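[1] Compute the structure for the input listed below.
(one chain, ligands or ions: 1)
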Amino acid sequence: MAESNSIGIKIQNLRKRYGEGDTAVDALKGVDMQVGPGEVVGLVGPSGSGKSTLLKCLGAVIEPTAGKMTLGHDVIYDDGWKIPDLRALRRDKIGFVFQAPYLIPFLDITDNVALLPMLAGRPNAEARKRALALLHELDIGHRANAMPSQLSGGEQQRVSIARALINQPPVILADEPTAPLDSNRALAVIRILNQMAQQYQTAIIVVTHDEKIIPTFKRIYHIRDGKTYEEPGEGKSFL
Ligand SMILES: Nc1ncnc2c1ncn2[C@@H]1O[C@H](COP(=O)(O)OP(=O)(O)OP(=O)(O)O)[C@@H](O)[C@H]1O
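    As a prediction, the model looks like this:
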């Protein structure tokens, strides 16, 4: 479990400029955001507002232009990367959940979840044991030997949440995780994300347009033209 004095995610005055000169695009114009351990917040905004750019910066997929980002206990960026091994950072400190589950079709779901710790050098048996325990927590342990194609879309998304949690990262970035799901399954995914956030003290950012889940957030960051604005959400029960 992440230690309790972790700050989750903190972003300060983050800027991202694509290109240079006349054709430069300022996609992030000084973004501030903070998500505590155990908290799930929504990030919503129109097309082109900077959502993907913000997630890619936070996920250490692209380099910001300026500002500061802290994940868990670590300042990862302060006008330059502060972590020498960005691959290890992405593998160990950040969980990703996407719109599509992107499971590996020729591995059973336990190996799909166990793959990251195996790649990090953990013994296979230990990684599979931990994966199985997580699959049980996500109510899908009874299908542990199934191949991804044998599962429904909602079940596959639960497997992808288990995969995001396997290294117990302080942060999970979820990009439209419920878009293809019907209302009940979308709310089930949000319920699971909230439970897991609490249980593992993970800070979770959910980028979404999904009207089915927006009322469930207690806090929402709106992003417009490269700037974020925080608002209380409705925090509706999703049980
Ligand atoms: N690689 C790039 N080079 C130049 N400009 C880019 C690049 N990627 C994004 N942009 C620009 O940065 C701005 C923010 O784009 P971004 O993809 O972050 O928005 P978004 O909110 O995720 O949009 P959508 O909801 O449509 O995916 C847009 O003006 C976009 O055209």
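[2] State the mean pLDDT of the longest helix along the chain.
    Under DSSP state H, the helix in the chain containing the largest number of residues is helix 183-200. Per-residue pLDDT over helix 183-200 has a mean of 90.
[3] Beyond it, next helix or strand please.
    strand 203-207 (DSSP states H and E).
[4] Okay, now the sheet partners of the following helix or strand past that next one, with direction.
    Sequence-wise, the next helix or strand downstream of strand 203-207 (DSSP H and E) is strand 219-224. When pairing is defined by DSSP bridges, strand 219-224 lines up against strand 40-44 (parallel), strand 227-232 (antiparallel).
[5] Name the residues of strand 219-224 that come out as buried.
    Buried residues in strand 219-224, counted by 16 or more other C-beta atoms under 10 Å: 219-221, 223. C-betas here are computed from N, CA, C, even on glycine.
[6] just to revisit the earlier point, what's the distance between the longest helix of the chain and the middle of its chain?
    Chain-centre distance of helix 183-200: 13 Å, with C-alpha atoms, centre = their mean, to the nearest Å.
[7] Kindly compare burial across the strands paired with strand 219-224 and name the winner.
    strand 40-44 (a mean of 23; mean count of other C-beta atoms under 10 Å).
[8] Distance check, the residue nearest the centre of the chain against the ligand.
    For the chain, L173 is the residue whose C-alpha lies nearest the centre (C-alpha atoms, centre = their mean; 1.6 Å). Separation of L173 from the ligand (C-beta to the nearest ligand atom, to the nearest Å) stands at 13 Å.
[9] what do you get for K29?
    From K29 to the ligand the distance is 10 Å (C-beta to the nearest ligand atom).
[10] JSON lines please, covering the strands paired with strand 219-224 and showing mean pLDDT.
    Below are those laid out as JSON lines (pLDDT from 0 to 100):
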{"stretch": "strand 40-44", "mean pLDDT": "97"}
{"stretch": "strand 227-232", "mean pLDDT": "93"}
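[11] related to what we said a few turns ago, now do the same for the residue nearest to the centre of the chain: helix, strand or coil?
    strand (DSSP: H, G, I helix; E, B strand; the rest coil).
[12] bridging residues for it?
    Bridge pairing for L173 (DSSP bridges) gives the partners F96, I205.
[13] Next up, the contacts around it.
    Shown in contact with L173 (C-beta atoms under 8 Å, 6 or more residues apart in numbering): 55, 58-59, 94-97, 204-205, 207.
[14] do the same with K212
    178, 183, 186-187.
[15] any idea which of those has the most stuff around it?
    T178 (25 neighbours; other C-beta atoms under 10 Å).
[16] Might you report the residue contacts of it?
    T178 is in contact with 157, 185-186, 189-190, 208, 210, 212-213, counting by C-beta under 8 Å, 6+ apart.
[17] just the residues you listed now: which is nearest L43?
    Using C-beta to C-beta, T208 is the member of these that lies nearest L43, at 7.5 Å.
[18] so that closest one touches L43, yeah?
    Yes: with contact defined as C-beta atoms under 8 Å, T208 counts as touching L43 (7.5 Å).
[19] Okay, now stretch 41-53: how far is its last residue from its first?
    One end of stretch 41-53 sits 17 Å from the other (C-alpha to C-alpha, to the nearest Å).
[20] what's across from E230 in the sheet?
    Beta-bridge partners for E230, by DSSP bridges, are Y221.
[21] separation between it and T178?
    As for E230, its distance to T178 is 22 Å (criterion: C-beta to C-beta, to the nearest Å).
[22] Could you do D74 as well?
    29 Å.
[23] Let's verify D139: helix, strand, or coil?
    Three-state assignment for D139 (three-state DSSP): coil.
[24] was I right about it contacting R158?
    Yes: D139 is within contact range of R158, at 7.2 Å (criterion: C-beta under 8 Å).
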